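In: build me a model from this:
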Amino acid sequence: MQGDARQLPFEDGFFDTVVCINFFICQRSPEDVRRILFEAARVLSPGGRLIVEIRNRNNILLRLKYGLARYYDGTLEDNPLALYDPAWLIRRFRRRDWT
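Out: Numbering: from 1, shown residues only. So this is what the prediction gives:
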């Protein structure tokens, strides 16, 4: 099935596990990330597992690599390389606060 992660075509609590791997790196805005997290939590059953992989903005090597990427990788012109603060995401997961 193909769909928009910001508006998933599933009922509330439909999945026991939701996995987002190599996904948030290419989201265009923080609002898209918040909406996707909201949808992932919405379709997750009570007590379910949400597995998310992010690029840690606290990793100095990733910050350097992504900062220089536009100079050596022409495919990035239309694709963002987003880094995230793990503490920010963890707080929102715990509180289910997607604002």
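In: and residue 19, which of the three is it?
Out: strand (DSSP: H, G, I helix; E, B strand; the rest coil).
In: pull the number of nearby residues for it.
Out: 12 (other Cβ atoms under 10 Å). All C-beta atoms are positioned from the backbone trio N, CA, C, and that covers glycine.
In: that one pairs with what?
Out: Judged by DSSP bridges, the bridge partners of residue 19 are residue 51.
In: residues contacting the residue nearest to the spatial centre of the chain?
Out: Most central in the chain under Cα atoms, centre = their mean is residue 24, positioned 3.2 Å from the mean C-alpha point. By Cβ atoms under 8 Å, 6 or more residues apart in numbering, residue 24 lies in contact with 33, 36, 52, 53, 54, 55, 82, 84.
In: point out the least confident one among these.
Out: Confidence by pLDDT is poorest for residue 82 among the contacts of residue 24, given 77.
In: now do the SS call for the nearest residue to that residue once chain neighbours are set aside.
Out: Nearest residue to residue 82 in three dimensions, chain neighbours excluded: residue 25, at 5.5 Å (Cβ to Cβ, 6 or more residues apart in numbering). Of the three states, residue 25 takes helix according to three-state DSSP.
In: what of residue 13?
Out: Relying on three-state DSSP, one would call residue 13 coil.
In: over to it: give its phi and psi.
Out: phi 70, psi 20 (degrees, to the nearest 10).
In: fine, thanks again, bye for now.
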